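J.: output the structure for:
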Amino acid sequence: MQTIKTFNLKKIFILIGTFLAIFAIILSIYSHNANAQEPYNPSPESAVASKGLVEVKMTVIAVDPIKNELETRLQFELKGIYKKGPTYPAQDLLMTVNGANVQDSEITFKEGKPMIVPALKFNLVKGKINNYPFDKHIAKVAISLDPLPSIGKKFAPFELNPVPLKFNFNADVPGFDISYQPMEENSSIFIYIDVSATRSLPVKFFALVIIVIMWVLSIMAFLLALKVMKSGKLPEVGMLSWTAVMLFAFPAIRNAQPGVPPVGTASDFLSFFWTEIIVVVALVIIGSCWLKRYHPPIE
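T.: Sure, this is the predicted structure:
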């Protein structure tokens, strides 16, 4: 008897180890670690000779794949002929940006007034949220600055050429690895980049742990149901309660995954749908055995 129990225990450990190995392989295939991005420096050939520039600092503050939005904050630092104060331009400037919440894609900065921009939102143009936790999303960002003629001035303080730009990027959003890639059109006067966001490694690992937990619990419930069916004895009511609780607990466990979208993701097809079915089958087997074998006491 002891040998049989030890053999069954070994099989369970082998089964759990197999699942862990499979999901570790999946994680190694799909995991994507963001590379640290250095500020983009245009080549000398594309640089525009100028006595000043505007440094654009972009910080990603939120990513919402469900709403299909990337939210950022822009800060500016003026240098040379463009500087009247720390963030005060020496002449009216017009920023053209493809922000989803910017009317007519234009923002005007007045001379001598701080360059303050509300949080900018960009559409995620690529990526499928149903691939969670292996989804990858991309937003395209385009920014340029142009001087406007100063009203009431006989001469502009500088020529009306596009403003040279220097770009800095920063992102620290919990649950996401975020990086950017300059596109071919990117230059010293036109910022054109792809910002990509993928789930961070801890999020992927936690999602896979949830998947393993649901599989292990559902298999345990199914093995218990088979044992009850073969034993020929009346199952205890606690077995029914435990299996029924799992049936309603799995949706809560599934929703405990960080940033999980509504039902229908890759993680659901890897575990949730099938484990729910397994638990239902186990519950039906145990319930049928109880109904068939239960005999009320004779008074």
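
J.: where along the stretch 101-250 of the chain do the helices fall?
T.: Ranges of helices within the stretch 101-250 of the chain are 201-231, 237-255, based on DSSP state H, counting those that start in this stretch.

J.: what packs against the first one?
T.: The helices and strands touching helix 201-231, judged by 3 or more C-beta pairs under 8 Å, 6 or more residues apart in numbering; DSSP states H and E, are helix 2-30, helix 237-255, helix 266-267, helix 273-293. All C-beta atoms are positioned from the backbone trio N, CA, C, and that covers glycine.

J.: again with the last one
T.: With contacts defined as 3+ C-beta pairs under 8 Å, 6+ apart, the secondary structure elements packing on helix 237-255 are helix 201-231, helix 273-293.

J.: quick one, the first one and helix 273-293 angle?
T.: What that stands for is helix 201-231. 20 degrees (axes from the mean of the first three to the mean of the last three C-alpha atoms, to 10 degrees).

J.: mind listing what's buried in helix 201-231?
T.: Of all the residues in helix 201-231, those buried under the rule 16 or more other C-beta atoms under 10 Å are 203-208, 210-212, 214-222, 224-225, 228.

J.: ok, now stretch 266-285?
T.: Here stretch 266-285 shows 266-268, 270-272, 275-276, 278-280, 282-283, 285 as buried, counting by 16+ other C-beta under 10 Å.

J.: cool, stretch 170-190 as well?
T.: By 16+ other C-beta under 10 Å, the buried positions in stretch 170-190 come out as 171, 173, 176-180, 182, 186-190.

J.: Thr18: which of these is nearest?
T.: Thr18 has its nearest neighbour among those in Asp177, at 28.8 Å by C-beta to C-beta.

J.: quick one: that closest one and Val203 touch, right?
T.: No. The criterion here is C-beta atoms under 8 Å, and Asp177 misses it with Val203 at 9.2 Å.

J.: so where is the stretch 51-200 of the chain shaky, pLDDT-wise?
T.: 150-160 (pLDDT under 70).

J.: show me the strands in it, by range?
T.: 52-64, 69-80, 93-97, 106-109, 120-126, 136-147, 165-171, 176-182, 191-199 (DSSP state E, counting those that start in this stretch).

J.: and the third one, how far out from the chain's middle?
T.: Between the mean C-alpha location of strand 93-97 and the chain-wide mean there is a distance of 29 Å, by C-alpha atoms, centre = their mean, to the nearest Å.

J.: who's in contact with it?
T.: Residues outside strand 93-97 that contact it (C-beta atoms under 8 Å, 6 or more residues apart in numbering) are 54, 82, 105-109, 115, 117, 120, 141-148, 163.
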